[in-house]
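In: What would the 3D arrangement of this be:
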Amino acid sequence: MFDTTQTRRPRLPILRDQHVVRLAGILVLLLIFFAIMKPKNFFGAATWQSMAIQFPEFGLMALGVMVTMIIGGIDLSVVGIANMTAIGSALLMLQIAPAGSDQGSGQLALVAAILFSLVVGAAAGILNGILVAKVRIPAILVTLGTFELFTGIAVIVSGGKPTSGLPPEYAQVMASRVVGIPMPLIIFVIATVVIGLIMYKTAFGTKLYMLGSNETAAQFSGLKTTSLIIRTYMISGVYASLAGLVMLANYNSAKADYGSTYTLLAVLIVVLGGVNPYGGSGRLSGVVLAVVVLQVLSSLLNTFPNISNFYRPLIWGGVLLLVIVVNQWDKRGNLTRLLRWKGRAS
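Out: So this is what the prediction gives:
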């Protein structure tokens, strides 16, 4: 007797994630719809170049929010950190290399601005982490408060006006293209690879998921939860400051209210990407896919002149609520049972 049963090949881990598969399907449908409805825009190189410049701004913030949400927290201060560090970096560059300075001064200003931004971003994240881990204030309250704090600092330092007139060396590097690829996209790709290595190739990444799954159990297992939380928010602060540097390059100026909708967008991306708002689960691939999906949707909306930009917050808020409801419904197995029932009926 021969065994005629076929052994199923194990699926790739990424294909087992329903959020990733679902997002990939949505992206394909969006691209098809885009190509049919607006073929001129879809096949134009300028559209894709514009996307590659735009989405790293909120994409970097979303990566920071992602790591905080994996441990069961959240970071609503990312836009405040981005604008504060961008304004600080711009003012520092103007001090080092005012108008008419030589190339050497401009290059020194560029390096100083990047280092300053990353250090201040890390410090802002550490402040968030200390308030959450040490003072034991809920993360949503801490980061909402520090968002207002950092935005207030940015307004006071800049006088509420745009800070412009940056040394040309900054745009020559941060807004340049390498083999036709915009620098903001390169920064986003590198940042994604780095956060992926941290999450999946280090003990620190494993501990983040353990902490998010059960903080009490993590403490009893010997994890230094306070240090983990502080370092996690520090990472979020650094990624927000990177977003600030990208925004500074894209706009060639800094202002306290730039990217005002990015907080909602970053949270939407992370939830849409399948990260559990209560912590303990979520994939980087899902978040990256969500970034691309929302950027394609945003670019598609731009091609319809009748749809005003004022509708964007309404659309993003509605999508966020819909995703949360679907995820909660799917947790109970309702969606899976519905799909199985339809499959049998057909």
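
In: The closest residue to residue 199 other than its chain neighbours: how many residues sit nearby?
Out: Nearest residue to residue 199, sequence neighbours excluded (Cβ to Cβ, 6 or more residues apart in numbering): residue 205, at 3.9 Å. Backbone N, C-alpha and C define where each C-beta goes, glycine included. The tally of other residues near residue 205 (other Cβ atoms under 10 Å) stands at 18.

In: secondary structure element for residue 205?
Out: Secondary structure from DSSP states H and E places residue 205 in helix 203-213.

In: same for the helix or strand following that helix, what does it pack against?
Out: The helix or strand immediately downstream of helix 203-213 is helix 215-220, counting by DSSP H and E. In this structure, helix 215-220 packs against helix 203-213, helix 225-251, with contacts taken as 3 or more Cβ pairs under 8 Å, 6 or more residues apart in numbering; DSSP states H and E.

In: how close does the residue nearest to residue 199 sit to residue 177?
Out: Residue 205 sits at a distance of 32 Å from residue 177 (criterion: Cβ to Cβ, to the nearest Å).

In: Next: residue 321.
Out: Separation of residue 321 from residue 177 (Cβ to Cβ): 38 Å.

In: most residues in a single helix of this protein, which one?
Out: If you go by DSSP state H, the chain has its longest helix at helix 103-133.

In: Remind me what that one packs against, helices and strands.
Out: Using 3+ Cβ pairs under 8 Å, 6+ apart: helix 103-133 touches helix 78-96, helix 139-158, helix 168-174, helix 225-251.

In: ok, back up a step: please tell me I have it right and the residue nearest to residue 199 contacts residue 198.
Out: Yes. In this structure, residue 205 is within contact of residue 198 by Cβ atoms under 8 Å, at 5.3 Å.

In: Now the common contact residues for the two.
Out: Residues touching both residue 205 and residue 198 (Cβ atoms under 8 Å, 6 or more residues apart in numbering): there are none.

In: ok, and the closest non-adjacent residue to residue 223?
Out: Nearest non-adjacent residue to residue 223 (Cβ to Cβ, 6+ apart): residue 207, at 5.6 Å.

In: Show the pLDDT at the one you found.
Out: Note for residue 207: predicted pLDDT of 92.

In: Same question for residue 340.
Out: With respect to pLDDT, residue 340 scores 53.

In: Determine the number of other residues adjacent to the residue nearest to residue 210 when sequence neighbours are not counted.
Out: Among residues not flanking residue 210 along the chain, residue 218 sits closest, at 5.0 Å (Cβ to Cβ, 6+ apart). The tally of other residues near residue 218 (other Cβ under 10 Å) stands at 20.

In: what do you get for residue 305?
Out: Neighbours of residue 305 under the rule other Cβ under 10 Å: 6.

In: so when I look at it, I'm seeing a helix, right?
Out: No. Counting by DSSP: H, G, I helix; E, B strand; the rest coil, residue 305 is located in no helix; its state is coil.

In: so how far is residue 234 from it?
Out: Taking Cβ to Cβ, one finds residue 305 at 43 Å from residue 234.

In: same check, this time on residue 306
Out: 44 Å.

In: and residue 53, what does it touch?
Out: Counting by Cβ under 8 Å, 6+ apart, residue 53 has contacts 182, 184-185, 250.

In: Just the pLDDT for it.
Out: Looking at residue 53, its pLDDT is 91.

In: what about it, helix or strand, and which?
Out: Here residue 53, judged by DSSP H and E, is contained in helix 45-70.

In: Let me know the pLDDT of the residue nearest the centre of the chain.
Out: Geometric centre of the chain, nearest residue: residue 62, 1.6 Å, by Cα atoms, centre = their mean. Residue 62 is assigned 96 on the pLDDT scale.

In: Counting neighbours, what do you get for the residue nearest to residue 301 when sequence neighbours are not counted?
Out: Leaving aside its chain neighbours, residue 301 sits nearest to residue 307 (5.2 Å; criterion: Cβ to Cβ, 6+ apart). Residues near residue 307, counting by other Cβ under 10 Å, number 13.

In: thinking again about what came up before, what's the angle between the helix holding residue 205 and helix 225-251?
Out: Angle, helix 203-213 to helix 225-251, by axes from the mean of the first three to the mean of the last three Cα atoms, to 10 degrees: 110 degrees.

In: What are the contacting residues of helix 203-213?
Out: 67, 70-72, 198-199, 217-218, 221, 223, 225, 228-229, 231-232, 276, 278-281.

In: how about it as CSV, C-alpha atoms only?
Out: The C-alpha trace of helix 203-213 is given here as CSV (Å, rounded to 0.1, in the frame of the first residue of the first chain):
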residue,chain,number,x,y,z
ALA,A,203,17.9,39.7,22.6
PHE,A,204,16.6,43.2,23.1
GLY,A,205,14.0,42.7,20.4
THR,A,206,12.8,39.4,22.0
LYS,A,207,12.5,41.1,25.3
LEU,A,208,10.3,43.8,23.8
TYR,A,209,7.7,41.2,22.7
MET,A,210,8.0,39.5,26.2
LEU,A,211,7.4,42.8,27.9
GLY,A,212,4.4,43.6,25.7
SER,A,213,2.8,40.2,26.2
